[in-house]
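Engineer: Starting from these lines, generate the structure:
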Amino acid sequence: MAAVGETKHALEMVQVNGTDESCITFVLHEEDHTLGNALRYMIMKNPEVDFCGYSITHPSESKINFRIQTRSGVSAVEPFRRGLNELIDVCQHVLNTFETTVSNYKKQKEERME
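Structural biologist: Predicted structure coming up:
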């Protein structure tokens, strides 16, 4: 837990000494399966990724240990960043589609009431 006046980072990178950057565990604080599973799916679509998985250490802790292993010397940070950006794009598309549909529904409802 963060001390008073100390900021707690939402993301940490854990890397075993002596390993290259193709194998990194990211610790995402204050997150759960909602982000974990969606992000894992987006990252696994990347052909440079050998393994991507996550675990929640304990039900009472709200953090995810997110592991990525890549091939061809690609840094694990790149597919992680790309997966986050692609997930943001998908979420934005869903939000835009939802808002357009709600707007169209309200217009149709108003037209029927006239």
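Engineer: Where does N17 sit, in terms of helix or strand?
Structural biologist: Element membership for N17 (DSSP states H and E) is empty, with no helix or strand holding it.
Engineer: Tell me who's in contact with the closest residue to T57 other than its chain neighbours.
Structural biologist: Distances taken as C-beta to C-beta, 6 or more residues apart in numbering put N65 closest to T57, at 6.2 Å, once the chain neighbours are dropped. C-beta coordinates here come from the backbone N, C-alpha and C atoms, glycine included. Contacts here follow C-beta atoms under 8 Å, 6 or more residues apart in numbering; on that basis N65 touches V14, T25, F26, V27, Y54, S55, I56, T57.
Engineer: For my notes, confirm N65 occurs in a helix.
Structural biologist: No. Going by DSSP: H, G, I helix; E, B strand; the rest coil, the assignment for N65 is strand, not a helix.
Engineer: buried sites along whichever strand or helix holds K109?
Structural biologist: Secondary structure assignment for K109, by DSSP H and E: helix 77-113. Along helix 77-113, the positions that meet the burial threshold by neighbour count (16 or more other C-beta atoms under 10 Å) are P79, F80, R82, G83, E86, L87.
Engineer: Contacts for the helix or strand harbouring Y41 next, please.
Structural biologist: In the assignment (DSSP H and E), Y41 maps to helix 33-44. Residues lying outside helix 33-44 but in contact with it, judged by C-beta under 8 Å, 6+ apart, are 28, 49, 52-54, 56, 64, 66, 68, 79-80, 82-84, 86-87, 90.
Engineer: Can you check what angle separates it from helix 77-113?
Structural biologist: Calculated by axes from the mean of the first three to the mean of the last three C-alpha atoms, to 10 degrees, helix 33-44 forms an angle of 120 degrees with helix 77-113.
Engineer: Next secondary structure element downstream of helix 33-44?
Structural biologist: Past helix 33-44, heading to the C-terminal end, the next element that is a helix or strand (DSSP H and E) is strand 49-56.
Engineer: residues near Y54, how many?
Structural biologist: As a burial measure, the neighbour count of Y54 was computed by other C-beta atoms under 10 Å and equals 20.
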